[in-house]
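Student: attaching a predicted model along with its sequence, questions to come.
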Amino acid sequence: MATLAIVAACTGGQSAGPGTPNPATSPSGSADASSAGETPSGDPSPTASSGDTPTPIVPSSQPGSPSDSCSESDANRVFFRQAAASMAWSVYCAALGDGWFVDAGSFRLANGGRLEITYRGPDGAQLALVEGNVCEGEDVETCAPRDAVIAPATFGDRDGTLGRLANGLVLDVDRGANPSWRATGLGLTEEAFRAICAGLIAVEG
């Protein structure tokens with residue numbers, strides 16, 4: 001099973017809330033951008049350690065691949081491009097402004113593939129994306145919980161359903177299917193969450 005992980009700040013392996021990625025430690029034989037020599041000198045290492053510096057997420061104004069807007073970090077761009085090239089479904093990343101950074105993320109190829117990534121922002125805000133085989137055989141109410149349906153909303157170029165959780169907001173596309181796409185927002189207004197989800201970028205491999 002191939003796995004690639006990118007971690008900009010150590011999470012301690014604890015989940016931050018429903019639908020929030022909880023990236024596992026890469027198994028033996030897995031690759032990360034640091035061990036593969038893909039992280040430029042001076043950039044934060046994408047491997048977990050308690051002393052890692054968060055990588056800021058700043059939308060790019062430079063022309064080029066859609067993944068250029070995912071972040072100004074070369075390690076993050078490599079992560080998303082490799083994921084997109086490896087999956088049979090569309091991979092999405094967020095283009096966020098000042099104060100946001102990638103907290104942790106990983107993808108694996110087994111069972112149709114799955115990508116998880118968590119972004120943290122100002123005042124404790126958080127955005128989590130889970131894409132691909134989101135449920136992995138679990139009951140949909142367990143793997144993709146929501147307390148109430150609000151209205152239709154967009155996830156990048158896809159139509160989805162906006163819902164509410166006890167502690168945040170959630171947007172699902174093809175909920176329970178394989179593949180499906182799920183965004184969870186904590187500490188965000190509905191307007192801000194809708195705008196972020198609408199601006200999600202389909203990455204080219």
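Tutor: That came through fine. Keep in mind it's a predicted model, so treat the numbers as computed, not measured.
Student: and A104, what element?
Tutor: In this assignment (DSSP states H and E), A104 forms part of strand 101-108.
Student: sheet partners, orientation included, of that strand?
Tutor: strand 3-7 (antiparallel), strand 55-56 (antiparallel), strand 114-120 (antiparallel) (DSSP bridges).
Student: weakest of these in terms of mean pLDDT?
Tutor: Among the strands paired with strand 101-108, strand 55-56 has the lowest mean pLDDT, at a mean of 35.
Student: so in this structure, which helix runs the longest?
Tutor: helix 74-86 (DSSP state H).
Student: strands of the protein, residue ranges please.
Tutor: 3-7, 31-32, 55-56, 91-93, 101-108, 114-120, 126-132, 148-155, 158-165, 168-173, 180-186, 201-203 (DSSP state E).
Student: quick one, which of the ones you listed is packed in tightest?
Tutor: strand 91-93 (a mean of 28; mean count of other CB atoms under 10 Å). All C-beta spots, glycine's among them, are computed from the backbone N, C-alpha and C.
Student: and A148, what are its bridge partners?
Tutor: R164.
Student: hang on, it packs against A166?
Tutor: No - A148 is beyond contact range of A166, at 9.9 Å (criterion: CB atoms under 8 Å).
Student: residues near the spatially closest residue to G124 that is not a sequence neighbour, how many?
Tutor: Leaving aside its sequence neighbours, G124 sits nearest to G187 (CB to CB, 6 or more residues apart in numbering; 4.9 Å). Residues within reach of G187, counting by other CB atoms under 10 Å, total 17.
Student: could I get the contacting residues of G187?
Tutor: G121, D123, G124, A125, Q126, G168 (CB atoms under 8 Å, 6 or more residues apart in numbering).
Student: cheers, nothing more for now.
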